[in-house]
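A.B. asks: here is the input, now give the coordinates:
(2 chains)
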Amino acid sequence: MKNIFIVDDIKVNLKILEVLLTRNGYNTISALSGKIALGLLQTKSVDLIISDILMPEMDGFQFCRLCKLDENLKHIPFVFYSSIQSEAEARKLARKVGAQAFITKPADPAMLLKTIDDIFFEYDPAPLARQENGGTKPHSSSIERPENRRESHNADLAEQTYNTLLRNLPCVIWTIDSSGRITNINPIVKEITGFSMDSIRKMGKQGWLERVHPSDIERVRTGYQNLFRNDIALDIEYAFECQDGCFIWLHEKSGIPYKKNGQLHADGISFDDSEKKYNQARHLKSRETETVKTFAGGLAHDLNNLFTGIAGYIELSTMPSISPSERERFLSNALKISRNASDLTQDFLAVSSDPKPAKKDTLFKDVVSRVTNSLFNGSDIEYKLEIPLDLWSCRVDTQQMSKAFKNIIINAKEAVVQDGFIEVILQNVFIEKKQICSSTVVDPGYYIKATIRDNGRGIDKEKLHQIFYPYYSTKPQDIKKGVGLSLTLSEAIITLHGGVIAVSSLKESGGTTVDIYLPALKPEENAIGGTEQMPLQDIVADEETEFWKENDKIWKTQYEE
Amino acid sequence: MKNRNERIILIVDDTKTNIDVLVQALRKDYKIGVTLNGMDAIRFARANRPDLILLDIIMPGMDGFQVCRKLKSDPITKGIPIIFITAMDKPDHKTKCLQYGAVDYITKPFVIPEVKKRIKIHLAKV
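C.D. replies: Numbers count the residues shown, from 1 in each chain, chains lettered A, B, ... in the order given. Sure, this is the predicted structure:
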């Protein structure tokens, strides 16, 4: 119990304070002057001093100053309780001499007690702890002790804050027990779902689940089972049918269950995530539309060029003024272009149909070596090809992988400008744990990693995921060239071989890196046998190049002639 | 005025078969120049001042519109009539072609007699 020392030269004033304070759980010690008080203070343990100001011999200010100069007393909080006229000046002086508070007489008892409480709280914010270590009960059970009042005050404040939060937070806060009974829920549930708190309590978890969209019900059920059976906190999104029959997207999260009254309970929140979902859907839709538009535009471009060639040559062959050899050449060209059209449809089929097992007739390193060297032969782009001697074995379909690798290299060549440099590096890689490489998941295992790195213009981060889309080009919209299925096809072929392809790019510093991971035999199984070497021409044969060579001499020199 | 077979037509297209078809269709009547990209087309036009340019739009690097703008802003080449060869057959695309200063546009796949006719009409205006 706290001891309060009261100093006043008027006995009635002392009596009033003594009654007020003792009834509120404090001990009091009184003195009629500052001088007497100073003497008594040396022998008593005091927690607070309340003093009048206007007193004979020694006024309150002097008394306070002397207390604050005394090593034994200076820590005791000091309160002036006075009816002095020049209050403002007195307050100023009170602060100057070191008093903690100034209360004007006569004060409202509640206000006086509150000031005392506040001072005690400020000087010792844990009164309860001390009380438990030897304090006594208040004099009257009907009167709250200051510590209790402080605690109760804090509890009230916390409850008020909590209630305000419950009312104002735009989410449903709930508690559910393991039997599916909803024990707590805040009123906002009505605003979000249309159901009142009572209806929700009545419907319980079972009734709630009945309003979950059928396509989400299993996920939600599993989520709740995991919550109470496996202590896995909820974090699920699902469509919920509101009272008006409309569906909203609820995102639900919970804490780990805890035991209360012998039963497991869990607290959680549910919030309406519909707007975010709709935005995501809109974004996805617009991306799909953009992909379809790019694809349709690219396909139309390719088909138009093919039709232009086929129709053009056939039309030329019907002209009366041409020689038989010219007619033969025109028709032959029309046929070649028709075959190109057929190749295009094959590419589409390779991308769209179910993958067939690839023939594994050659080593990947041989394909890489032959394709790289042939594509850079005669090119002014500098390149580096690194194939370690102890590279693990990985067999691939010669034709398919040549096509896939060729497309990637050509893409890199097109990306570089002046002082272009491309490096192709093969290495053995063992992945111990599932890894994410540039948004692509690589499962554990033995791989040959092929890195194709250029120092070209780079690709915007947000466009990286699109580069495998058919006909997608990183070039500006106006100069979008139908780039066909090259990278789409490369990705499909690599997937067909059980591999993955990941692309990363640094737009700021330039350069794009393509990483291909192809499953390799374990090092101990790496018995490199003879490989079927495909003739170089077969691997890098380019219909257009051959066509060009054939027709080159005929028309390229027209102007010079 | 040049004779018909002295007139130079520049064909700009990155698809070689398209070029070949046009070359075969026009070679008997005109001298033909060919480039596979926009930059070469500008160089050719400045050096040889062709009488007409058949210009593809979708090409890697510099596209047909950019080539057209360059040619039209150059005093040496601005008078050369340009016919766009476009795969896009939408009204706004055609309007865009004409806004860039082209005299005409031909949509792919084209019909050879129509190409010949249009070239003839525009050359007659020069």
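A.B. asks: okay, now the unreliable bits of the stretch 151-300 of chain A?
C.D. replies: A:151-163, A:165 (pLDDT under 70).
A.B. asks: quick check, the residue in it closest to chain B?
C.D. replies: Ranked by Cβ to the nearest Cβ, the top residue of the stretch 151-300 of chain A for proximity to chain B is A:Ala300, at 6.1 Å. Quick note: C-beta positions are derived from backbone N, CA and C, even for glycine.
A.B. asks: does that residue touch B:Ala87 like I think?
C.D. replies: Yes. Between A:Ala300 and B:Ala87 there is a contact under Cβ atoms under 8 Å: 6.1 Å.
A.B. asks: about what we covered before: residues contacting the residue of the stretch 151-300 of chain A closest to chain B?
C.D. replies: Contacts for A:Ala300 (Cβ atoms under 8 Å, 6 or more residues apart in numbering or on different chains) come out as B:Ala87.
A.B. asks: identify the residues contacting the spatially most central residue of chain B.
C.D. replies: Chain B has B:Leu54 as the residue nearest its centroid, 1.5 Å off, counting by Cα atoms, centre = their mean. Counting by Cβ under 8 Å, 6+ apart, B:Leu54 touches B:Ile9, B:Leu10, B:Ile11, B:Val12, B:Asp13, B:Leu22, B:Ile83, B:Ile85, B:Ile106, B:Val115, B:Ile119.
A.B. asks: how about B:Val21?
C.D. replies: Here B:Val21 is in contact with A:Thr308, A:Gly309, A:Gly312, A:Tyr313, A:Glu315, A:Leu316, B:Ile112 (Cβ under 8 Å, 6+ apart).
A.B. asks: measure the fifth one to B:Lys16 for me?
C.D. replies: It refers to A:Glu315. Counting by Cβ to Cβ, to the nearest Å, the separation of A:Glu315 from B:Lys16 is 17 Å.
A.B. asks: pick out the residue of chain B closest to chain A.
C.D. replies: B:Val21 (3.1 Å).
A.B. asks: are we agreed that that residue is in a strand?
C.D. replies: No. Applying DSSP: H, G, I helix; E, B strand; the rest coil, one finds B:Val21 to be helix, outside a strand.
A.B. asks: for it, give me the pLDDT.
C.D. replies: Listed pLDDT for B:Val21 reads 91.
A.B. asks: same check, this time on A:Thr545
C.D. replies: Confidence score, pLDDT, at A:Thr545: 49.
A.B. asks: go through chain A and flag its longest helix.
C.D. replies: If you go by DSSP state H, chain A has its longest helix at helix A:274-317.
A.B. asks: the lowest-mean-pLDDT helix or strand in chain B: what's the following helix or strand?
C.D. replies: In chain B, the helix or strand scored least confidently by mean pLDDT, DSSP states H and E is helix B:91-99, which has a mean of 79. For helix B:91-99, the succeeding helix or strand toward the C-terminus, using DSSP states H and E, is strand B:104-107.
A.B. asks: who's in contact with that next one?
C.D. replies: Contacts for strand B:104-107 (Cβ under 8 Å, 6+ apart): B:54, B:81, B:83-89, B:94, B:97-98, B:114-115, B:118, B:122.
A.B. asks: strand partners (parallel or antiparallel) of that strand?
C.D. replies: Counting by DSSP bridges, the strands paired with strand B:104-107 are strand B:82-86 (parallel).
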